[in-house]
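Undergrad: got a structure for you, letters missing:
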């Protein structure tokens, strides 16, 4: 990452393969922002996983993190697709690694969904290449069948309802370490892809706002701590999707800033949940009363993440959410502002 950060903004590495120009490496500010936070959480997750003696989990986590980095630095759609599919395989392995009947079944459902998403993405890429004669990953200025297919492929990874069921299904079944990695990469790589290719697409605004509220409602109803956190991923990614859809510079900045902060505090929340699961072998919230007496440091750090995800003042989520909400306000989207504030209140009530 240090080497990439030292490169000039907009630097690329291009090759020609079978007559097609590919750009397996593109370095700019957007890619570097996601690249740095992915590298940070991969390091933190690696430290959290030092207790593991499972080579399979270690390889899967490394493959998952590495492919996420490859995806954000990809300058063409074929390179993006390759890393996109490797990411799906690595993350599915982290679900299977728990080796319970429920995790094996959830992992199979997870991989089926993501292979379907990859198929949609590939179909869109082939149509786009046929229409334009280019495989460059740039903004899609006009709707087209190819663009819609690619958007659907990205939407599955972003867990945009009704394409979201894989997330609350698989994340609670992953290993303790696997859930930490999964909270960081799949949905946020999709947010990066949306910001790169679909900024300003109005359709994303109502879908993003709906995500914020939908995730909060179902998180409130959840009794499993990791399922609660999984639904909150849906909700928080909604802020990012809405910010991308707004299309203004402030909206994009808010979406990317919230992606950065979300990766860090969501990792903290999943590490706290994992510590509780490891210590008590319980994940149902109704069975976890009185943890403050037995695990005070874990509870204290979990509350830091809870205040951040709620957008509480002086915590990281407050700043990134405020930028997105302010972007909507400056565009006169009062209804969007109201609903995003409502989602924040619901998040606070369901996580603290």
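TA: That came in fine, so what should we check first? Here the structure is a predicted model, which means the values were calculated and not measured.
Undergrad: Would you state the strands of this protein in chain order?
TA: Listed in chain order, the strands of the chain (DSSP state E) span 11-17, 20-27.
Undergrad: and those, which one is worst for confidence?
TA: When the strands of the chain are ranked by mean pLDDT, strand 11-17 comes last with a mean of 83.
Undergrad: Direction-wise, compare that strand with strand 20-27 and give the angle.
TA: 160 degrees (axes from the mean of the first three to the mean of the last three Cα atoms, to 10 degrees).
Undergrad: And residue 132, how far from residue 192?
TA: With distances taken as Cβ to Cβ, to the nearest Å, residue 132 is found 22 Å from residue 192. Quick note: C-beta positions are derived from backbone N, CA and C, even for glycine.
Undergrad: what about these two, which has more around it?
TA: Remark: of residue 132 and residue 192, residue 192 carries more neighbours, 27 against 12, as counted by other Cβ atoms under 10 Å.
Undergrad: Verify the stated contact: that one with residue 34.
TA: Yes: using Cβ atoms under 8 Å, residue 192 is in contact with residue 34, at 4.8 Å.
Undergrad: Common neighbours of these two, please.
TA: 72, 259 (Cβ atoms under 8 Å, 6 or more residues apart in numbering).
Undergrad: Quick check, residue 349 in contact with residue 219.
TA: No: Residue 349 lies out of contact with residue 219 (Cβ under 8 Å); the separation is 9.8 Å.
Undergrad: Those two: who's more crowded?
TA: Neighbour comparison, residue 349 and residue 219: the larger count goes to residue 219, with 23 against 12 (by other Cβ under 10 Å).
Undergrad: Let me know whether the more buried one touches residue 233 as I believe.
TA: No: Residue 219 is not in contact with residue 233 according to Cβ under 8 Å; the separation is 9.3 Å.
Undergrad: how near is residue 236 to residue 298?
TA: As defined by Cβ to Cβ, residue 236 lies at a distance of 22 Å from residue 298.
Undergrad: Compare neighbour counts for the two and give me the winner.
TA: Per other Cβ under 10 Å, whichever of residue 236 and residue 298 has more neighbours is residue 236, with 27 against 18.
Undergrad: If we ignore the residues flanking it in sequence, what's nearest that one?
TA: residue 262 (5.1 Å; Cβ to Cβ, 6 or more residues apart in numbering).
Undergrad: which ones are touching the one you found?
TA: 188, 236-237, 240, 309, 317, 320.
Undergrad: Looking at the residues you listed, which is nearest residue 2?
TA: Closest approach to residue 2 among the contacts of residue 262 (Cβ to Cβ): residue 188, at 21.4 Å.
Undergrad: Distance-wise, check the closest residue to that closest one other than its chain neighbours relative to residue 277.
TA: The shortest distance from residue 188 to any non-neighbouring residue, by Cβ to Cβ, 6+ apart, is to residue 259 (5.0 Å). Look at residue 259 and residue 277: by Cβ to Cβ, they are 26 Å apart.
Undergrad: neighbour-wise, which of these two wins?
TA: When neighbours are counted by other Cβ under 10 Å, residue 259 and residue 277 differ, and residue 259 comes out ahead with 27 against 19.
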